[in-house]
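*Asks:* Have a look; sequence and predicted model below, questions after that.
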There are 4 protein chains.
Amino acid sequence: MAIRFGLLGAGRIGKVHAKAVTGNPDARLVAVSDAMPAAAQAIADQYGCDVRSIDAIAAAKDIDAVVICTPTDTHADLIEQFVKAGKAVFCEKPIDLSLARVKQCLEVVRAAKGTLMVGFNRRFDPHFAAVRAEIDKGTVGAVEMVVITSRDPGAPPVDYIARSGGIFRDMTIHDFDMARFLLGEEVTEVSAMAAVLVDPAIGKAGDSDSVQVMLKTATGKMAVISNSRRATYGYDQRIEVHGSKGAVSAENQRPVSIEVATGAGYTRPPLHDFFMTRYTEAYAAEITAFIDAMGGKAKASPSGEDGLLALALAEAALKSVAEGRVVKVSEIL
Amino acid sequence: MAIRFGLLGAGRIGKVHAKAVTGNPDARLVAVSDAMPAAAQAIADQYGCDVRSIDAIAAAKDIDAVVICTPTDTHADLIEQFVKAGKAVFCEKPIDLSLARVKQCLEVVRAAKGTLMVGFNRRFDPHFAAVRAEIDKGTVGAVEMVVITSRDPGAPPVDYIARSGGIFRDMTIHDFDMARFLLGEEVTEVSAMAAVLVDPAIGKAGDSDSVQVMLKTATGKMAVISNSRRATYGYDQRIEVHGSKGAVSAENQRPVSIEVATGAGYTRPPLHDFFMTRYTEAYAAEITAFIDAMGGKAKASPSGEDGLLALALAEAALKSVAEGRVVKVSEIL
Amino acid sequence: MAIRFGLLGAGRIGKVHAKAVTGNPDARLVAVSDAMPAAAQAIADQYGCDVRSIDAIAAAKDIDAVVICTPTDTHADLIEQFVKAGKAVFCEKPIDLSLARVKQCLEVVRAAKGTLMVGFNRRFDPHFAAVRAEIDKGTVGAVEMVVITSRDPGAPPVDYIARSGGIFRDMTIHDFDMARFLLGEEVTEVSAMAAVLVDPAIGKAGDSDSVQVMLKTATGKMAVISNSRRATYGYDQRIEVHGSKGAVSAENQRPVSIEVATGAGYTRPPLHDFFMTRYTEAYAAEITAFIDAMGGKAKASPSGEDGLLALALAEAALKSVAEGRVVKVSEIL
Amino acid sequence: MAIRFGLLGAGRIGKVHAKAVTGNPDARLVAVSDAMPAAAQAIADQYGCDVRSIDAIAAAKDIDAVVICTPTDTHADLIEQFVKAGKAVFCEKPIDLSLARVKQCLEVVRAAKGTLMVGFNRRFDPHFAAVRAEIDKGTVGAVEMVVITSRDPGAPPVDYIARSGGIFRDMTIHDFDMARFLLGEEVTEVSAMAAVLVDPAIGKAGDSDSVQVMLKTATGKMAVISNSRRATYGYDQRIEVHGSKGAVSAENQRPVSIEVATGAGYTRPPLHDFFMTRYTEAYAAEITAFIDAMGGKAKASPSGEDGLLALALAEAALKSVAEGRVVKVSEIL
């Protein structure tokens, strides 16, 4: 029997999930809800599902699970409402920008014995997942150092920046999760540097646009992350894992992989320029993983706890920049 | 208004087209037909369309177009039936294995002023299409030489080989079409060599499994094609175009593009191992092109004439192998 | 004890060999000869060796071996003179443009029990040599098909073309030798196509500038060669070998391997633009191989016979173009 | 007139410089000195130069310049002796492990108006030099972030480690110089993390074998360096520079660049496994640069000051690890 989904939020990312759910043979999109009725209706028209209110979806007998794609400040409340209503919950990251609120929310999930999965979609990218699979197979031996590069094609609007919780909570958080996913050990120390190199308006908004972060675990495994809000050549997303026996890496992806050779050299086209085209397969795969978790085939992963820990690393990075020192994660959690 | 499709044939390639049609926002799959009712029903169940007979589809008022995916020996008859019935026709290659029958069929299409598009899907692969786009933009100047590599992961069953018309009509035909697509001029001379290197059973069936072909146009532009029914590392599909100003090439595609580095060297995973995963995007794009042609946005291309000319090159190649000489295409057509 | 060398010819390729000999710890350059005394003196000054006449070098007690870099029409005579004088001979390709003269010359070498090595330098390129080593190790299984690409950055002057014996004897001959080196079996059939696409003056001189050739052995192994006198992006030299277990290839080489990424894409610099920088290592390695052959560590290879057989393939290709048919090598030899 | 060189030190790196000097058309190797007479004699035999004492070389009228390749603890004394003797000095890095001693030595060089060049050879690698050339041309716009990877194939013997001054002064120092070379601004802040992951014996010797370092300039430009004493796949040496208009990178180098494709995937051979083969061209090019500096064509670069500043970054990194904080370079100098 197919899992029956409700979709909360019909914006940009909501549309991505609507497509992933309807394209999945084990899922059925039953209802969509959005504060803007026209947005919900557009999805309902395209995929032949109902428009309902959030409360109606929570109360519905024909809904097994929800995907939460509403604004960040509603995530924790909705997670609580829906786990209490007995629905399995897939929530876009982050659960909340406040560590305290996240902890409180996870308490409610635990009490309700609810299923909660957090949308760190990059774990499901086939290339990054294959890197992790090589680690699991032992190909590179014991993991020693991880190098993560993540550079966006361009900065978001400054008013988005202002609401985003800052670059560490908004952008680097994906890399913090990826570092944890690949290191296989909890990070205990964080050191970060930040600068405004791309757009002074971002600095005026109190944020940075270029950062680098070093992480370390209790046994000395290390990771380094580079982030920028600027990459003229497209969406730059690379990982490298070095271990005792070798290394494994995932290179960038481009929509078209031709090469032109002239007197000026050999040129390949730019990379994907948008996270949605870059991660199309990942969005589909994370819904499959969520369905598997609901069917008991696997644990819901990344979990609410994973969401909490990535956020803690973001907090530690902020503190490190502010105080010019290595911050222990135990100071944060 | 979405175009309403009938699907003739619910086998392996029929399923591919069912997915392409239903995934296209401008198309709707209305009915499917197959000699084996269970196969048709499976598609009807998955996509919510009717199962109908071929004649019912031909007579239906709610069908604008058909996709023909039935066995090769039925193609020409069906094309004739459906253009006469006023439906736009997309037909899998080849139209027929007999050049005479193809000519006759195209005569009927012309008389009926029908729309006929032939499924040379590789023209719609985003990478190969981008190669052609560079030629059209003039990046490489006047085209001089084309190099096409096409190697299958493994040979089909010998009983398929026996019905296939031989490697030139079954496999190289895609490369003949690609050569015509890229040369931008009609081929006038063909020279081929063939051998049985992969499987003696293929030789016993009267076919070859390894061939190389040289083509030439009236102005001296040339192309060379290499084919094999064996490629242990996956589906090897590459093109290179050399012109007066430079070259453009499309490299192979792999589902996962990681790289593992150890003392043994740097290893990337094998290529796609199946034409359906390799050409997923192409199958979707050719349906879009067909719909565009129906809407008058473009000519139906590749056309029935393209199907005829590729088949003529296959005939010429066969004759060249048999007679150990360069064969003029004018000897064939 | 170091081998004592005489160098015959102090032109462009003579300088390359002077450097290779003096850079080899087992060799010593003792004397140089050239019809133009200033050219010989320049090499003598740079490397501290004598200028002598050809006859003096032939008669010298302090010379063990010679490298022949004089004009092609002197090669056969010099080979005969020096093997009779008891010197080991390394001769630049070709031995002669006439198959009959080559056969006669090799007769003299055999009678004198002389050591003769022919300068097919590409066999010693570390990348191409590594391809052959993989074949010898069995990595790709039984060789089935070889693909050779060889495109020059630009055409030589037309008066060079006129004396060159034509593109098959001058340029493709390297590829004929490479095909023989990689196929591991003698070629029995040749089919070629030729065109003038680069420079009409080459056509007026009776030569072609763009050719493609197919080769076949008695057991059905095949090779295909593409040549052009034009490659705007540098010296394009690639080989691919496909076998029953897999494939091995050697890619192009560039002097600087950086990559620039901008909004226009990812660009790497052009390839080497000159055969001397492309094959620097090969020129040094072939002298080492020659010294090894003199010391009895290996056979002199490529041999005079290899020179003869590559020339026979060139003749067969010419005949194939002229007669529009597959030519058997047995018709030539 | 060729520059006449004396070589001080005939060990492993001395041999490299002997080859670079004798291979340079504008240089002549006149004399060599070494504490072990046999080592000096071997070079004298190979290249036909004298063996002399250090003092004799300092006093010699037929010596214009010296290359210092003796043990590190003799560098500063020899630099002082030879600049006072009026010889141009090329000295292997580092000048000394003590910052105070380096400052004192540079004082003497300045007083003597001597020419001193320090052997940060990587600046002369053609690939890394090309990266810098792209920056200078403005291709990537204003430099924002630099990423440097430097991983050795294996750890040196522990007794070498003990004398080396530690990984930051011995290994990372090359990367500190490279970061300064590419950032185009002085580094003002350093943060480092270090661990023992490769060999516990290195830890017992008081050193680390795996480190990562973040650097920052006054205007916010940043760099990150990853180092390990282990890389099973060869000598891993990469740089990336990201700027306002794009990025430029230099990839790894391998001696043989073939690719083998089988059912197991596509495999290229390992990288160079030794710094001398990896940087062959760089060693030759730095001698050319030194000769150019002597002839007034360019400043001696990298200078003694460059040696001092790279060492200061190493000291800052050590302090950062010890104190768990960002260290300002102004605390060190």
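*Replies:* All right, it came through fine.
*Asks:* quick one: the strands in the stretch 1-150 of chain A?
*Replies:* Assigned by DSSP state E, counting those that start in this stretch, the stretch 1-150 of chain A shows strands spanning A:3-8, A:27-33, A:50-51, A:65-68, A:88-91, A:116-118, A:143-151.
*Asks:* swap in the stretch 151-300 of chain A?
*Replies:* With DSSP E, counting those that start in this stretch applied, the stretch 151-300 of chain A shows strands at A:187-195, A:210-217, A:222-228, A:236-243, A:247-250, A:258-262, A:265-268, listed in chain order.
*Asks:* who touches the residue lying closest to A:Gly23 once chain neighbours are set aside in this structure?
*Replies:* Spatial nearest neighbour of A:Gly23, chain neighbours left out: A:Ala284 (6.3 Å); criterion: Cβ to Cβ, 6 or more residues apart in numbering or on different chains. In short, each C-beta sits where N, CA and C put it, glycine included. A:Ala284 is in contact with A:20, A:23-24, counting by Cβ atoms under 8 Å, 6 or more residues apart in numbering or on different chains.
*Asks:* can you check A:Glu134 too?
*Replies:* A:140, A:241, A:248, B:258, B:260 are the contacts of A:Glu134 under Cβ under 8 Å, 6+ apart.
*Asks:* and if we set it to 10 Å?
*Replies:* Contact analysis of A:Glu134 by Cβ atoms under 10 Å, 6 or more residues apart in numbering or on different chains lists A:140, A:241, A:243, A:246-250, B:258-260, B:269.
*Asks:* Ok, A:Arg278 next?
*Replies:* A:Arg278 makes contact with A:122, A:125, A:153, A:234-237, A:252-255, A:271-272, according to Cβ under 10 Å, 6+ apart.
*Asks:* how about those in a markdown table, adding pLDDT?
*Replies:* Listed next are the contacts of A:Arg278 as a markdown table, based on pLDDT from 0 to 100:
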| residue | pLDDT |
| --- | --- |
| A:Arg122 | 97 |
| A:Asp125 | 98 |
| A:Pro153 | 95 |
| A:Gly234 | 97 |
| A:Tyr235 | 97 |
| A:Asp236 | 98 |
| A:Gln237 | 97 |
| A:Asn252 | 97 |
| A:Gln253 | 97 |
| A:Arg254 | 96 |
| A:Pro255 | 96 |
| A:Leu271 | 98 |
| A:His272 | 96 |
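*Asks:* Looking at the record's assignment, how would you partition chain A?
*Replies:* The record's domain parsing of chain A by automatic domain parsing lists A:3-114, A:122-331.
*Asks:* Tabulate those domains (a markdown table), appending distance to D:Asp207.
*Replies:* What follows is the domains of chain A, written out as a markdown table (distance: least, Cβ to Cβ, whole Å):
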| stretch | distance to D:Asp207 |
| --- | --- |
| domain A:3-114 | 38 |
| domain A:122-331 | 14 |
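*Asks:* Minimum distance to B:Arg52: which of the ones you listed has it?
*Replies:* Proximity to B:Arg52 (Cβ to Cβ) singles out domain A:3-114 among the domains of chain A, at 21.9 Å.
*Asks:* Next, report how far the closest one is displaced from the centre of its chain.
*Replies:* 16 Å (Cα atoms, centre = their mean, to the nearest Å).
*Asks:* ditto for stretch A:243-254
*Replies:* For stretch A:243-254 - counting by Cα atoms, centre = their mean - the centre lies 20 Å from the chain centre.
*Asks:* Give the buried residues for it.
*Replies:* Within stretch A:243-254, the residues that count as buried by 16 or more other Cβ atoms under 10 Å in any protein chain shown are A:243, A:245-250, A:252-254.
*Asks:* next one: stretch A:301-311
*Replies:* Residues A:301-304, A:306-311 are the ones in stretch A:301-311 that count as buried (16+ other Cβ under 10 Å).
*Asks:* Mean confidence (pLDDT) on it, please.
*Replies:* On average, the pLDDT along stretch A:301-311 is 97.
*Asks:* what do you get for stretch A:315-331?
*Replies:* pLDDT averaged over stretch A:315-331 gives 98.
*Asks:* I figured A:His272 hits A:Asn252, correct?
*Replies:* Yes. The pair A:His272 and A:Asn252 qualifies as a contact (Cβ atoms under 10 Å) at a distance of 8.2 Å.
*Asks:* What parts of the stretch 51-200 of chain A come near chain D?
*Replies:* With the criterion set to Cβ under 10 Å from any Cβ of the partner chain, the stretch 51-200 of chain A comes near chain D through A:140-147, A:149, A:151, A:189-198.
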